[in-house]
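A.B. asks: Turn this into a model:
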Amino acid sequence: MSKKISAESIKELRSKTGAGMMDCKKALEATEGKVDLAIENLRKKGLASANKKSSRIATEGIIESYIHAGSRLGVMVELNCETDFVARQSEFHKLAKNIAMQLAACQFVQYIAVDEVPEEFIVKEIEIEMAKEDLLKKPINVKKQIVEGRIQKRLKEISLMSQSFIKNPEISIEDLVKQHIALLGENIKVRRFQRFILGEGLEKKSYDFTQEVSNMIYNK
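C.D. replies: Next comes the predicted model:
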């Protein structure tokens, strides 16, 4: 005899995953009411359905912005979906805002995904790593393995989709996007972003306070 699933358990699972009521009920029935296992099952199903949708064209969406406290740092991000209907959904807007905040927090991120990093950047990083002193005396095969590991780590550091989500480090930004693909039923893509840092690129004039005081005295 299967365990009776309470409405409270279904509501709890739905609030944690965003999945439909019937999907939550089935997931809880399959795991005998164990919420953690049900979440895992729904996530697996969600990610699988998200992967199927990832090749579909996404040309609708929104441009979201985030200005950090103090107004010295700002981010704009374009998040695409398939229809204007999804583009108007609060969950989609929340996702865009969270991604913009993530980009503000991770200022070393330069690209959306690892596969978008230019080949010339990778070649240059390999040259730098191969020339490091701690590898000079190592056998070439060992050296190449170490460099490969360092390069992969470096590529993930500069790629948005590889970052741990600042509000839930247990998932990556890629996982977060896929969860919303499963939730909203459409392909979702981060197309581009721009980060603005106040005064970046400007030559800042530096003042010699002592010299300024001297000039004031002797020029009277």
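A.B. asks: Now do the helix or strand hosting A96, average pLDDT.
C.D. replies: Element membership of A96 [criterion: DSSP states H and E] is helix 90-105. The predicted model gives helix 90-105 an average pLDDT of 95.
A.B. asks: Please name every helix or strand in contact with it.
C.D. replies: Applying 3 or more CB pairs under 8 Å, 6 or more residues apart in numbering; DSSP states H and E, we find helix 90-105 packed against strand 60-67, strand 73-81, helix 173-184, strand 189-197. Any C-beta I mention is one placed from the backbone N, CA and C, and that applies to glycine too.
A.B. asks: could I get those as JSON lines with mean neighbour count and distance to Q107?
C.D. replies: Formatted as JSON lines, those follow (neighbours: other CB atoms under 10 Å; distance: least, CB to CB, whole Å):
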{"stretch": "strand 60-67", "mean neighbour count": "17", "distance to Q107": "13"}
{"stretch": "strand 73-81", "mean neighbour count": "21", "distance to Q107": "8"}
{"stretch": "helix 173-184", "mean neighbour count": "22", "distance to Q107": "15"}
{"stretch": "strand 189-197", "mean neighbour count": "16", "distance to Q107": "7"}
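A.B. asks: right, so of the ones you listed, which gets closest to D36?
C.D. replies: helix 173-184 (16.2 Å; CB to CB).
A.B. asks: per-residue confidence averaged over the closest one?
C.D. replies: Mean per-residue pLDDT for helix 173-184: 89.
A.B. asks: quick one: low-confidence parts of this structure?
C.D. replies: 1-3, 15-20, 44-55, 204-220 (pLDDT under 70).
A.B. asks: Helices along that one, start to end?
C.D. replies: Assigned by DSSP state H, the chain shows helices spanning 7-17, 21-30, 35-53, 84-87, 90-105, 119-130, 140-157, 173-184, 209-218.
A.B. asks: quick one: buried residues of the second one?
C.D. replies: What it means is helix 21-30. By neighbour count on 16 or more other CB atoms under 10 Å, the buried set for helix 21-30 is 23-28.
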